[in-house]
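Chemist: What would the 3D arrangement of this be:
(one chain, ligands or ions: 2)
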Amino acid sequence: MSPQFIKARRRGRIAQDYCAEKVCLLCEKNFTPKVSFQKYCGDRKLKTGCAGIHYKAYKAKMRKSWRSRHPDLHRAHCRTYYENNKEKKFEYDRKWKKDNPEKVKLYSRNSISRNRVRIYHTNRQYAARRRGSQGTYTLVEWEQLKQTYDFTCPQCFRSEPEITLTRDHKIPLILGGTNQIDNIQPLCFSCNCSKGKKIWFASYPINYMKNVTAVYTG
Ligand SMILES: [Zn+2]
Ligand SMILES: [Zn+2]
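Modeler: Ligands and ions are numbered 1, 2, ... in the order given. Now for the predicted structure:
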């Protein structure tokens with residue numbers, strides 16, 4: 001036995017002559033393996049036959065698992081790739097949309113129903129900007145604001161599941177109020193409508209006011 005053969009056998013690589021025929025696990029045809037542990041026909045590295053198919057699927061699985069473990073890195077990578085290959089991406093997207101009109105329709109419908117809250121928020125920002133007001137606030141800031149108001153309307157003291165809180169400008173935009181978060185308060189729809197173009201906001205913390213009214217009513 002040559003030292004090369006021993007080395008090869010130790011690493012699990014035995015020359016073609018020593019490997020008997022095998023049945024491919026994917027296409028179930030006979031093939032002659034190049035390596036003793038080969039399970040699929042074809043060549044993994046040349047991406048031919050079932051070995052190529054299996055290797056591609058394996059790689060895709062590994063990539064997916066890496067993405068789930070490093071979401072931030074993946075996002076950063078995507079962004080840099082997009083910046084460097086904008087033209088290519090546009091071309092690809094245009095072609096894909098042309099080839100899959102049904103999927104485009106389905107995806108857009110799904111994304112609208114999934115992002116209804118965010119779309120509504122963005123539309124409110126656009127509406128404020130159309131009226132010539134300064135400043136914006138994020139959806140997270142709005143959620144936090146609702147939390148500080150204990151999901152309660154400060155005018156009628158009804159809480160969220162009963163009513164739906166809407167965004168109200170303490171100083172209305174028409175009177176020169178800004179669209180910053182400090183000029184926003186959550187009011188229920190009917191209170192917001194009745195307030196109209198007046199300036200009104202709760203001057204005490206909402207929890208304090210809630211307790212006071214509880215004393216009066218109780
Ligand atoms: Zn095969
Ligand atoms: Zn109200």
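Chemist: What parts of this structure come near ligand 2?
Modeler: Residues of the chain found near ligand 2 (Cβ under 5 Å from the ion) are 153, 155-156, 188, 191. All C-beta atoms are positioned from the backbone trio N, CA, C, and that covers glycine.
Chemist: Kindly indicate the member of those with the most neighbours.
Modeler: Highest neighbour count within the residues of the chain next to ligand 2: C153, with 26 neighbours (other Cβ atoms under 10 Å).
Chemist: ok, which pair from the residues of the chain next to ligand 2 is furthest apart?
Modeler: Spanning the widest gap among the residues of the chain next to ligand 2 are Q155 and C188, at 7.6 Å by Cβ to Cβ.
Chemist: with the residues of the chain next to ligand 2 in mind, which one is nearest to I199?
Modeler: Using Cβ to Cβ, those come closest to I199 at Q155, 13.2 Å.
Chemist: Now do the residue lying closest to the closest one once chain neighbours are set aside against C156, distance only.
Modeler: Excluding the flanking residues, the one nearest Q155 by Cβ to Cβ, 6 or more residues apart in numbering is C191, at 4.2 Å. The gap separating C191 from C156 is 6 Å, by Cβ to Cβ, to the nearest Å.
Chemist: now do T166
Modeler: T166 is 13 Å from C156, where distance means Cβ to Cβ.
Chemist: tell me the contacts of the residue nearest to Q155?
Modeler: Going by Cβ atoms under 8 Å, 6 or more residues apart in numbering, C191 touches 153, 155-156, 168.
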